[in-house]
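In: got a structure for you, letters missing:
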């Protein structure tokens, strides 16, 4: 995380009403990311602050939902791409029983389908991982208080999307189910790469490629490589 990024908030009347209800003291945080090194980095960055307390962690949809429901934090820092269905699936499962839990997406991606997918699921904000520690702390405070917070380059895009300038319905929820690596494999397979070529391109084993392809077919409810190629071509992914 660097010091050049800033955040922009979109306050609402609900935010003003809820600010008075947020208790004093550190914000209780659940940290959700499938990369252990990133979670360790966030713990290190925020650990010296008395403004937050990390009360739980998750590395996939199942472990994240469990951690959130057990601790009921003030804010969940949520990665978009997670094994088991993605960040949007975490939001949906938690909000099914605990709609008051607030989510702040913290992702390396600024792709339209990622941003709109997780916001549509119910997240209160979306910032990229280039955000500085101080700005992240501020974003956590704002989301806990009820504000909607976005990185500056995303704020206008999100407002355009939900004002009708961008067709939100066109965002593909099926694609959002795939992890970043699964999307990479999908695109290469759809371009005609053999499994060995995909493995060489992505520096992974052929067995791992096979696992990713099987996962993609299952998530998209497709039967074979031909259907996968047509699915990707129809969505102009290749």
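Out: Received it, and whenever you're ready, just let me know what you need. None of these values were measured; they are calculated from a predicted model. Numbers count the residues shown, from 1 in each chain.

In: ok, residues contacting stretch 56-73?
Out: 27-34, 36, 39, 55, 76, 78, 82-86, 89-90, 93-94, 97-98, 101 (C-beta atoms under 8 Å, 6 or more residues apart in numbering). Glycine gets a C-beta too; all of them are placed from N, C-alpha and C.

In: measure how far it is from the centre of its chain, please.
Out: Computed by C-alpha atoms, centre = their mean, to the nearest Å, the chain-centroid distance of stretch 56-73 equals 14 Å.

In: give the rounded mean pLDDT of it.
Out: Per-residue pLDDT values across stretch 56-73 average out to 96.

In: related to what we said a few turns ago, ok, of the contacts of stretch 56-73, which come out buried?
Out: Burial by neighbour count, 16 or more other C-beta atoms under 10 Å: within the contacts of stretch 56-73 this picks out 27-34, 39, 55, 76, 78, 82-86, 89-90, 93-94, 101.

In: tell me which of these fall in strands.
Out: 27-32, 55, 76, 78 (DSSP state E).

In: tell me the pLDDT at residue 115?
Out: Reported pLDDT at residue 115 in the predicted model: 81.

In: phi, psi for it please.
Out: phi -60, psi -50 (degrees, to the nearest 10).

In: residues near it, how many?
Out: 24 (other C-beta atoms under 10 Å).

In: distance of residue 212 relative to residue 76?
Out: According to C-beta to C-beta, to the nearest Å, residue 212 and residue 76 sit 27 Å apart.

In: what's the answer for residue 66, then?
Out: With C-beta to C-beta as the criterion, residue 66 and residue 76 are 12 Å apart.

In: kindly report the same for residue 194.
Out: Note on residue 194: its distance to residue 76, by C-beta to C-beta, is 40 Å.

In: again, but for residue 82
Out: 12 Å.

In: before we move on, what about residue 47?
Out: 18 Å.

In: which residues sit in contact with the closest residue to residue 95 other than its chain neighbours?
Out: Distance criterion C-beta to C-beta, 6 or more residues apart in numbering; nearest residue to residue 95, sequence neighbours excluded, is residue 122 at 5.1 Å. Residues in contact with residue 122 (C-beta under 8 Å, 6+ apart) are 91-92, 95, 99, 103.

In: do residue 127 as well
Out: By C-beta under 8 Å, 6+ apart, the neighbours of residue 127 are 5, 7, 104-106, 135-136, 139, 149-151, 154.

In: which of those fall within strands?
Out: 104-106, 149-150.

In: in a markdown table: those, plus neighbour count.
Out: Shown next, in a markdown table, are the ones in strands among the contacts of residue 127 (neighbours: other C-beta atoms under 10 Å):
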| residue | neighbour count |
| --- | --- |
| 104 | 24 |
| 105 | 30 |
| 106 | 26 |
| 149 | 25 |
| 150 | 25 |
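
In: which of the residues you listed sits closest to residue 226?
Out: residue 105 (34.5 Å; C-beta to C-beta).

In: tell me the pLDDT at the closest one?
Out: Residue-level pLDDT assigned to residue 105 equals 94.

In: how near is the residue nearest to residue 95 to residue 88?
Out: 8 Å.
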